[in-house]
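Participant: Sequence and predicted structure below; questions after.
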Amino acid sequence: MTLIRLRIDVDYPYPSRIRSFFYTALGIRTSNKYLKNSKIIAKMINESNKNVKAYWFFTLKTIPDNELLTLLNGSKHEIALHVVNDPKRELEQLEKATRRKIRYYTIHGTARLLARIMWKRWKTKSPIIPKNFPLQSFHQFPTFGLDRLCYLYSTEQAVKIAEGDIKDGRAIEIHPIWLFQRGKINHRGPFYETLKRILKVDAELKTIAVRKKLFFKVANDTKEYAIDIIPTDDFIAKLGQRGVDIFTFIERRWCNTISSPPRFWLGTEDNIALLQVTTFDEW
């Protein structure tokens, strides 16, 4: 089975770049939505039956919390260092915080002024890696940016190109912040749909359609008239992680009734036109 190698640069702690900038610049860290997209990706990798190896490159501003560390247990994941300013100090602190042995590093790019302010790298030049630095550079491995690919091409085209690169032995480079959003200045993302197809996961979300209604995202299953839908807690949690506020579905009472639905479910009556056929001649 072909190995799917992922290089994951966790350089922003929150799904929002604005929140990441202010919280990081001010040294604020909250549990609400902290590394949210990284946790979604980790769960996708853990659910995948594919041969996956994920290398997670963290900075000192994106150190994984206990929830993410638990998700990164196992042979599919390896924690690595995303160097910003001081390689030795950052390595020491990351190993101490994660209690993991670090083997690889990459260098975080901060070409723009706001990024330099955020990471307190006042010079545009990259930090100097000492000759005796104990980590191996991951930059030596050939990679391709999936979030950049998904900016340029449709999901179908991106999947086809990515699968060809994977067969050629190239690693997939992704930045969790672009999982669902599109970066116009950076020309990145969104890459969730493409990654989902590559890893062959989230099949239960395949027919889910999401639409915006005022300030809310409302989802429904496009096959709700043809199948019985009974949402599980895990299913609802996945929708919530992907930004869905409300999920609606039809209870097909003409063939199946949901017994003892949860009290917090809200229901309303609706009309559905059905053709009643009782004999062959009527049909």
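Facilitator: Sure thing, it's come through. On a predicted model such as this, the values are computed, not experimentally measured, just so you know.
Participant: Only C-alpha atoms from now on, for both contacts and neighbour counts.
Facilitator: OK.
Participant: Tell me where the stretch 151-283 of the chain has strands.
Facilitator: Taking DSSP state E, counting those that start in this stretch as the criterion, the stretch 151-283 of the chain carries its strands at 171-174, 208-213, 216-221, 246-248.
Participant: Redo those strands as CSV? Include distance to residue 188, mean neighbour count and mean pLDDT.
Facilitator: Written out in CSV, the entries for the strands of the stretch 151-283 of the chain read as follows (distance: least, CA to CA, whole Å; neighbours: other CA atoms under 10 Å; pLDDT from 0 to 100):
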stretch, distance to residue 188, mean neighbour count, mean pLDDT
strand 171-174, 9, 22, 96
strand 208-213, 21, 13, 89
strand 216-221, 23, 17, 92
strand 246-248, 28, 15, 93
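Participant: Tell me how many other residues surround the nearest residue to residue 33 once chain neighbours are set aside.
Facilitator: Nearest residue to residue 33, sequence neighbours excluded (CA to CA, 6 or more residues apart in numbering): residue 14, at 6.2 Å. Residue 14 is flanked by 25 other residues according to other CA atoms under 10 Å.
Participant: Quick check: which element contains residue 14?
Facilitator: Applying DSSP states H and E as the criterion places residue 14 outside every helix and strand.
Participant: about what we covered before: so can I have CSV of the strands of the stretch 151-283 of the chain showing distance to residue 29?
Facilitator: Output for those, formatted as CSV (distance: least, CA to CA, whole Å):
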stretch, distance to residue 29
strand 171-174, 23
strand 208-213, 30
strand 216-221, 26
strand 246-248, 28
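Participant: mind listing what the residue nearest to residue 242 when sequence neighbours are not counted touches?
Facilitator: Of all residues beyond its chain neighbours, the one nearest residue 242 is residue 180 (8.0 Å), with distances taken as CA to CA, 6+ apart. Contact analysis of residue 180 by CA atoms under 8 Å, 6 or more residues apart in numbering lists 189, 190, 191, 192, 242.
Participant: and the closest residue to the first one other than its chain neighbours, how many neighbours does it have?
Facilitator: Distances taken as CA to CA, 6+ apart put residue 147 closest to residue 189, at 4.2 Å, once the chain neighbours are dropped. Here the count is done by other CA under 10 Å, and residue 147 has 30 residues near it.
Participant: Could you check the helix or strand that residue 147 is a member of and say which residues are buried?
Facilitator: Here residue 147, judged by DSSP H and E, is contained in helix 146-152. Buried residues in helix 146-152, defined by neighbour count with 16 or more other CA atoms under 10 Å: 146, 147, 148, 149, 150, 151.
Participant: And stretch 191-211, end to end?
Facilitator: From its first residue to its last, stretch 191-211 covers 18 Å (CA to CA, to the nearest Å).
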